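Colleague: just the structure for this:
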Amino acid sequence: MLSSELPGSRLNAIISETGLSLPLDILLGSSDLRRPIPLIRQHVFTQVTPEASFVSIGKGLFVSTPEFCFFQMAGQLSLIELIELGYELCGSYTLSQNRALSQSSESVQKTSDDCIYNRLPLTNVKKLSAFVDKLAGVKGYKQSARALSYITDNSASPMETKLVMLLSLPYKLGGFGLPMPTMNHRIVPTKTARQASTRKFYICDLFWPHDNLAVEYDSALYHTGTERIASDSRRRSVLSLLGINVITVTSHQVQHGGELEQVAKLIAQKTGRRLQHMRNPKSHTAQLMLRKALL
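Modeller: Got it, this is the predicted structure:
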């Protein structure tokens, strides 16, 4: 928690020591504490904060925990944006504006220009739900609780998040209304299946356990070498031996609604569901709005 009487020298020291970026957002317990401070955005929260709302980062400074951050952002983001944030907080990637700071973490394994992959999840849906329940009746509760009903743990990339949202959000929000899969599910081969591969386990991007169905997102399907093709073939053989059907979805298919709809129909068929006719004017409009928000 930052003081509202923050001098310029103190602000410069904070930026230098913590790597925080400007402008800074601070939380005040009363609107009477507001002061005009350059590069400081001030927010008022008058409710008693639940335990574990803040974590110390040293120098007498405290920042919101992922759970409290999620709740606070319910008043700043649309429902779709809040769901997307929830996937990021509960996933193993982050969309970072401060890559130098984020790359200092030992859990980071690879990066792209705007995303850092393979970091440990900051929280999970169970923790978020437990925290939000403590703020029942407070402004932001309904939006937070609604968003949590559409979030699952362990997304490994922004595109995986977009794919599962497009497939699983209800029709009224622009999705195909398919059942929620587990994400990055670990499959341990049987002894017989391991004879086709030396790998101890496989990770399925999206997995429906009751239907033995896996959906794999592959952004580089058309840019693979001999080794990659051979590896994918062995993987499919092992999963097939385990009775698991695999559907591969490319970036091109995600970007084109008509092609993703064909994928959704196939998933619906494999999971015993029936898709609503997406040419229904309301469903079609909602789908266009969701795609615009995500893509």
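Colleague: the helix or strand containing Thr248: partners in the sheet, and parallel or antiparallel?
Modeller: Assessed by DSSP states H and E, Thr248 sits inside strand 245-250. Strand 245-250 sits in its sheet next to strand 213-218 (parallel), going by DSSP bridges.
Colleague: give me the contacts around the partner strand.
Modeller: Residues from elsewhere that reach strand 213-218 (C-beta atoms under 8 Å, 6 or more residues apart in numbering): 157, 159-160, 163, 167, 181, 185, 204-208, 239, 244-251, 254, 263, 267, 270-271. (Each C-beta comes from the backbone N, C-alpha and C, glycine too.)
Colleague: cool, stretch 137-156 as well?
Modeller: Here stretch 137-156 has contacts from 47, 70-72, 74-75, 79, 82-83, 86-88, 90-93, 117-118, 121, 124-125, 128-129, 132-133, 135, 161, 164-165, 168-169, 173, 180-184, 205, using C-beta under 8 Å, 6+ apart.
Colleague: just to revisit the earlier point, which of the contacts of strand 213-218 are buried?
Modeller: Buried subset of the contacts of strand 213-218 (neighbour count, 16 or more other C-beta atoms under 10 Å): 157, 159-160, 163, 167, 181, 185, 204-208, 239, 244-246, 249-250, 254, 263, 267.
Colleague: just the ones of the residues you listed in helices?
Modeller: 159-160, 163, 167, 239, 254, 263, 267 (DSSP state H).
Colleague: looking at those residues, which is nearest Glu51?
Modeller: Among those, Glu160 lies closest to Glu51 (C-beta to C-beta), at 32.3 Å.
Colleague: roughly how far does that closest one sit from Leu85?
Modeller: 15 Å (C-beta to C-beta, to the nearest Å).
Colleague: Lys172 now?
Modeller: In terms of C-beta to C-beta, Lys172 sits 20 Å off from Leu85.
Colleague: rewinding a little: just the contacts of stretch 137-156: which are in helices?
Modeller: 70-72, 79, 82-83, 86-88, 125, 128-129, 132-133, 161, 164-165, 168.
Colleague: mark which of these are buried, thanks.
Modeller: 70-72, 82-83, 86-88, 125, 128, 132, 161, 164-165, 168.
Colleague: out of the residues you listed, which comes closest to Leu28?
Modeller: For these, the nearest to Leu28 is Gln72 (12.7 Å; C-beta to C-beta).
Colleague: hmm, the closest one is touching His43, no?
Modeller: Yes - using C-beta atoms under 8 Å, Gln72 is in contact with His43, at 7.4 Å.
Colleague: intersection of neighbour lists for these two?
Modeller: With C-beta under 8 Å, 6+ apart as the test, Gln72 and His43 both reach Leu27.
Colleague: neighbour count: Lys172 and Leu85, which is higher?
Modeller: Leu85 (21 against 10; other C-beta atoms under 10 Å).
Colleague: state the pLDDT value of that one.
Modeller: Here, the pLDDT recorded for Leu85 equals 97.
Colleague: excluding its backbone neighbours, what's nearest Thr271?
Modeller: Spatial nearest neighbour of Thr271, excluding adjacent residues (C-beta to C-beta, 6 or more residues apart in numbering): Asp211 at 4.7 Å.
Colleague: tell me how far that neighbour lies from Ile14.
Modeller: For Asp211, the distance to Ile14 - C-beta to C-beta - is 51 Å.
Colleague: point out where the chain drops to low pLDDT.
Modeller: Where the chain drops to pLDDT under 70, the residues are 1-12, 96-114, 220-230, 277-279.
Colleague: centroid residue for it?
Modeller: In the chain, the residue lying closest to the centroid (C-alpha atoms, centre = their mean) is Tyr87, at 2.0 Å.
Colleague: Ser56: neighbour count?
Modeller: Counted with other C-beta under 10 Å, Ser56 comes out at 9.
Colleague: straight-line length of stretch 33-50, end to end?
Modeller: 21 Å (C-alpha to C-alpha, to the nearest Å).
Colleague: residues of it that come out buried?
Modeller: Going by 16+ other C-beta under 10 Å, stretch 33-50 has these buried residues: 37, 40, 42, 45, 49-50.
Colleague: among these, which ones are in helices?
Modeller: Among these, no member falls in helices (DSSP H).
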